[in-house]
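K.L.:
predicted model and sequence below, questions to follow.
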Amino acid sequence: MKNLVKQSEYYLETIQKYKKDKKAIAHFNISNLDQARAIIEVAEELKQPVIIGVSEGERAYIGVQMARKIIDELNQEFNIPIFLNADHTYSIEKVEEAITAGYDSVIIDAAKLPYEENVALVKKAVDVVRAYESKSGKKVLVEAELGYIGQSSSLNKAIPEGVTEANLTTKEQARDFIIRTGVDMFAPAIGNIHGMLIDAPEPKLHIDRLKEIASSVDIPLVLHGASGNSDEDIKNAISSGVSIVHINTEIRKAFRDGEMEFLKEHPDEVAPYKFGKEGQGEMKKVVRAKMELYIK
Ligand code: G3H
Ligand code: ZN
């Protein structure tokens, strides 16, 4: 029987080990159990830890506490560490809800706010989490974003409004932000965007900017919005200092495509476990390719 409170103590240590080895841990979002199993089965085959993320919308669908219970059960069933992240959380109230439910990490996302307001909200979230840690004895990691990269894991016709080169994170702001907020992990904007462009290649990542940031800060860096980015860009980001890579849209699409293809050929099929399996199969191909890339 795994001791999950103990496991959470090794979360930061695990990330730091990947940082040192210039590799990355995979973070994938889920909306349901089919997706969770697909990701975890691949992670187990590759003997890799994995972070399962649930955004506010995904948590509302699965249930905040149910997501924790599902991951607890899967942690006992599988031999790899599975961490649970409360992804993109926009209010202190939702931060409290997630940490009270026992999530291993939380992302307070105030990236859309002006700089000083972002710092203030993130600092407040860090204080809330630290108070919870002293009360509960459980370690919880806090991550925040600086520089707007859009908010939705969807197929997009254009770059999300508000994402501009002028909004890329600078090394000076990254340093100031991390010192003033006390976050454990930091997600910069380096040309990455949430979601995927339908008719155009994803913008290239600004690897030089990432290198500047990585050499100015000590805490682990997280690449969000990695759906659609080239393998070369992702690999360069990892060797330049990224320790966690977030993917959602690409696996959502693979899952949807797998089910859709099957249902096109079997329009009278009504058993969800039959078309769910096809969704899982397509999704597993993407998960495997990404995870192999991160540890190559
Ligand atoms: O936190 C979630 C990720 O940043 C997902 O981004 O949908 O572009 O892969 P993505
Ligand atoms: Zn994200």
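P.N.:
Perfect, I can see it now. Numbering: from 1, shown residues only. Ligands and ions are numbered 1, 2, ... in the order given.

K.L.:
could you pull out the helices for the stretch 51-200 of the chain?
P.N.:
For the stretch 51-200 of the chain, the helices defined by DSSP state H, counting those that start in this stretch occupy 56-62, 64-77, 92-100, 115-136, 171-181.

K.L.:
now for the third one, which elements pack on it?
P.N.:
Helix 92-100 makes packing contacts with strand 82-89, strand 105-108, helix 115-136 when contacts are defined by 3 or more C-beta pairs under 8 Å, 6 or more residues apart in numbering; DSSP states H and E. Using the backbone N, CA and C atoms, a C-beta is placed for each residue, glycine as well.

K.L.:
how about the last one?
P.N.:
In terms of contacts (3+ C-beta pairs under 8 Å, 6+ apart), helix 171-181 is packed against helix 115-136, strand 141-146, strand 185-188, helix 207-216.

K.L.:
does residue 132 touch residue 101 like I think?
P.N.:
No: if you go by C-beta atoms under 8 Å, residue 132 and residue 101 don't touch, sitting 11.1 Å apart.

K.L.:
how about the residues of the stretch 151-296 of the chain by ligand 1?
P.N.:
Within the stretch 151-296 of the chain, the positions near ligand 1 by C-beta under 6 Å from any ligand atom are 153, 194, 195, 224, 225, 226, 227, 246, 247, 248, 249, 250.

K.L.:
near ligand 2, from those?
P.N.:
224, 246 (C-beta under 5 Å from the ion).

K.L.:
ok, of the residues of the stretch 151-296 of the chain next to ligand 1, which one's closest to ligand 2?
P.N.:
Nearest to ligand 2 among these: residue 224, at 3.4 Å, using C-beta to the ion.

K.L.:
ranking helices and strands of the protein by mean pLDDT, which lands last?
P.N.:
When each helix and strand of the chain is scored by mean pLDDT, DSSP states H and E, helix 4-9 comes last, with a mean of 83.

K.L.:
in that helix, which residues are buried?
P.N.:
Within helix 4-9, the residues scored as buried using 16 or more other C-beta atoms under 10 Å are 4, 7, 8.

K.L.:
try stretch 56-64
P.N.:
Under 16+ other C-beta under 10 Å, the buried positions of stretch 56-64 are 56, 58, 59, 62, 64.

K.L.:
in a markdown table: those, plus distance to ligand 1 and pLDDT.
P.N.:
As requested, the buried residues of stretch 56-64 are exported to a markdown table (distance: C-beta to the nearest ligand atom, whole Å; pLDDT from 0 to 100):
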| residue | distance to ligand 1 | pLDDT |
| --- | --- | --- |
| 56 | 11 | 98 |
| 58 | 10 | 98 |
| 59 | 13 | 98 |
| 62 | 15 | 98 |
| 64 | 17 | 98 |
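
K.L.:
which of these sit farthest apart?
P.N.:
Farthest-apart pair in the buried residues of stretch 56-64 is 56 and 62; separation 11.3 Å (C-beta to C-beta).

K.L.:
can you name the residue of the stretch 51-200 of the chain nearest to ligand 1?
P.N.:
Per C-beta to the nearest ligand atom, residue 153 is where the stretch 51-200 of the chain lies closest to ligand 1, at 3.2 Å.

K.L.:
any idea how far the nearest residue to that residue once chain neighbours are set aside is from residue 35?
P.N.:
Leaving aside its sequence neighbours, residue 153 sits nearest to residue 248 (C-beta to C-beta, 6 or more residues apart in numbering; 3.8 Å). The gap separating residue 248 from residue 35 is 10 Å, by C-beta to C-beta, to the nearest Å.

K.L.:
with residue 188 instead?
P.N.:
Separation of residue 188 from residue 35 (C-beta to C-beta) stands at 27 Å.

K.L.:
so which of those two has more stuff around it?
P.N.:
residue 188 (30 against 23; other C-beta atoms under 10 Å).

K.L.:
was I right about that one contacting residue 221?
P.N.:
Yes: between residue 188 and residue 221 a contact is recorded at 6.5 Å, counting by C-beta under 8 Å.

K.L.:
shared neighbours of these two, anything?
P.N.:
Counting by C-beta atoms under 8 Å, 6 or more residues apart in numbering, the contacts common to residue 188 and residue 221 are 210, 213.

K.L.:
which pLDDT does the model give residue 127?
P.N.:
Predicted confidence (pLDDT) for residue 127: 98.

K.L.:
how many other residues sit next to it?
P.N.:
Look at residue 127: counted by other C-beta under 10 Å, it has 14 neighbours.

K.L.:
what about it, distance to residue 71?
P.N.:
Between residue 127 and residue 71 the computed distance is 26 Å (C-beta to C-beta).
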